[in-house]
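K.L.:
Show me how the following folds:
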Amino acid sequence: MLQGLRNLSPVSIYPSLGVNLIHGLNGSGKTSLLESIYYLAYCKSFRTHKHKNLIQHKQDQFTAFCKLANSAGLQQLGIERTIKGERRIKLNGEWLQSAAELAQLLPVQLLDPGMLKLLEGSPQLRREYLDWGVFHVEHDFISIWRQFKKAHQTRNALLRSGGQCSDTERQIWHESLSTLADQINGMRQRYIKQLKPVFDKYIDRLNPDLGVTMGYYQGWSKDKAYLDILNENWSSDLKQGFTQLGPQRADLRLKVNNQPAIEVLSRGQQKMVVCALKLAQAEIYQQQSSSPCIFLVDDLSAELDINHRKALCTLLESLKCQVFVTAVEDTQMTDCWSVSSQVKVFHVEHGTLNQE
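P.N.:
Now for the predicted structure:
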């Protein structure tokens with residue numbers, strides 16, 4: 001159920017557990033429907049950083065509510081966001097203080113026109129992709145990451161203040177930071193070891209012979225202990241006013257013939273790489289949790305040619321996941337699914353959603 005979101009009229013939708021095709025003209029509201037599902041999973045939009053842009057004109061707030069069927073049974077999740085920026089999350093009638101639980105409740109993967117940012121954007125986007133996967137595999141990750149972040153912020157504050165502390169105090173901070181960094185790095189490396197072969201399988205199915213290799217930069221030299229890096233770089237960090245190296249600088253690197261994939265591959269090939277990354281992550285999640293991810297696929301027909309659309313849809317079907325996919329015309333996507341798929345078709349016009 002949706003109310004007060006962008007140009008959508010109040011919406012109640014009973015989706016298929018398989019494929020949900022949402023079609024309508026540009027600006028009709030079909031992407032806003034995907035945006036609402038994404039918001040339920042991440043408490044943020046994939047289209048804007050300004051919450052006011054989400055709220056319908058002359059409305060004070062928007063509300064998104066859904067029922068979830070998972071291993072814990074049937075659960076009810078609702079989120080309200082007001083024009084003043086207040087956010088309220090309710091799960092099974094209880095208020096949640098943190099949005100961290102949502103990632104486990106609603107494991108959402110997004111494929112949209114902005115998906116190439118994962119390759120061409122900053123390392124932070126690739127760290128977020130990587131850490132989403134680590135979070136679902138390593139149950140201690142979120143706690144350790146929060147501890148590291150707090151210790152990292154403390155060291156940076158110390159650096160900005162001119163490093164006024166004794167050598168003993170500094171060493172205590174460095175040892176704590178180093179221990180946490182090594183734990184985070186170990187978790188990420190274990191996840192990448194799982195991810196690589198699954199990614200290779202999907203890229204081979206989508207676009208074979210690209211020769212894409214996956215590498216990992218941990219954020220500092222792999223030939224040195226992080227404790228030594230912190231001690232050796234103290235003077236340099238002091239001049240810069242922040243900690244220059246560490247897991248906060250890690251990056252997932254995708255290359256072709258030892259060159260960045262973004263510089264070698266065509267845009268169409270780059271899209272296949274991103275699709276393979278998301279599919280691989282979804283498969284690993286499913287192996288760990290025994291539950292499938294939910295895929296939001298926005299304007300697929302404009303992003304991929306018919307052969308690659310069919311290849312992607314076949315792989316989505318093989319994962320047995322719930323899919324919400326948008327298109328301008330329903331004919332652009334209906335022939336991409338097998339006869340056995342559970343497909344529901346919805347039409348959006350002037351913000352009003354109807355099932356066909």
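K.L.:
Phi, psi for residue 347 please.
P.N.:
Backbone torsions of residue 347, given as degrees, to the nearest 10, read phi -120, psi 130.
K.L.:
Are we agreed that residue 245 is in a helix?
P.N.:
No. Using DSSP: H, G, I helix; E, B strand; the rest coil, the assignment for residue 245 is coil, not a helix.
K.L.:
what are the ranges of the strands in the chain?
P.N.:
2-3, 19-23, 61-70, 73-82, 87-91, 94-96, 108-111, 212-217, 251-256, 259-260, 294-297, 322-327, 343-349, 352-355 (DSSP state E).
K.L.:
what comes into contact with the third one?
P.N.:
The contact list for strand 61-70, computed with CB atoms under 8 Å, 6 or more residues apart in numbering, reads 1-5, 36-37, 39-40, 54-56, 74-83, 105-106, 291. Just so you know, the C-beta spots here come from the backbone N, C-alpha and C atoms, and that holds for glycine as well.
K.L.:
Among these, name the buried ones.
P.N.:
2-5, 36-37, 39-40, 54-56, 77-82, 105-106 (16 or more other CB atoms under 10 Å).
K.L.:
re earlier: any chance of TSV for the strands of the chain, columns distance to residue 11 and mean pLDDT?
P.N.:
Shown next, in TSV, are the strands of the chain (distance: least, CB to CB, whole Å; pLDDT from 0 to 100):
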stretch	distance to residue 11	mean pLDDT
strand 2-3	4	92
strand 19-23	11	93
strand 61-70	10	90
strand 73-82	14	91
strand 87-91	19	92
strand 94-96	23	88
strand 108-111	18	96
strand 212-217	39	96
strand 251-256	36	96
strand 259-260	42	94
strand 294-297	16	96
strand 322-327	13	94
strand 343-349	9	93
strand 352-355	5	92
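K.L.:
Quick check: buried residues in the lowest-mean-pLDDT helix or strand in the chain?
P.N.:
Sorting the helices and strands of the chain by mean pLDDT, DSSP states H and E puts helix 300-303 at the bottom, at a mean of 75. For helix 300-303, burial by neighbour count (16+ other CB under 10 Å) applies to 300-301, 303.
K.L.:
Equivalent analysis for stretch 151-164, please.
P.N.:
151-152, 155-156, 158-159.
K.L.:
which of the residues you listed has the weakest pLDDT?
P.N.:
Looking at the buried residues of stretch 151-164 by pLDDT, the weakest one is residue 158, with 91.
K.L.:
What number of residues are in the vicinity of residue 190?
P.N.:
Residues near residue 190, counting by other CB atoms under 10 Å, number 13.
K.L.:
Kindly apply the preceding question to residue 244 instead.
P.N.:
Other residues near residue 244 come to 16 when the count uses other CB under 10 Å.
K.L.:
so it touches residue 237, yeah?
P.N.:
Yes. Between residue 244 and residue 237 there is a contact at 5.7 Å, judged by CB atoms under 8 Å.
K.L.:
pLDDT at the residue nearest to residue 175 when sequence neighbours are not counted, what is it?
P.N.:
Of all residues not flanking residue 175 in the chain, residue 227 sits nearest, at 6.4 Å (CB to CB, 6 or more residues apart in numbering). Residue 227 is assigned 97 on the pLDDT scale.
K.L.:
Wait, residue 227 touches residue 174, no?
P.N.:
Yes. Residue 227 lies in contact with residue 174 (CB under 8 Å); the separation is 6.0 Å.
K.L.:
Which of these two has more residues huddled nearby?
P.N.:
Legend: neighbour count by other CB under 10 Å for residue 227 and residue 174, higher for residue 174 (19 against 16).
K.L.:
Now for the residue nearest to residue 175: which residues touch it?
P.N.:
174-175, 178.
K.L.:
For residue 130, state which of these is nearest.
P.N.:
Nearest to residue 130 among the contacts of residue 227, counting by CB to CB, is residue 178 at 20.6 Å.
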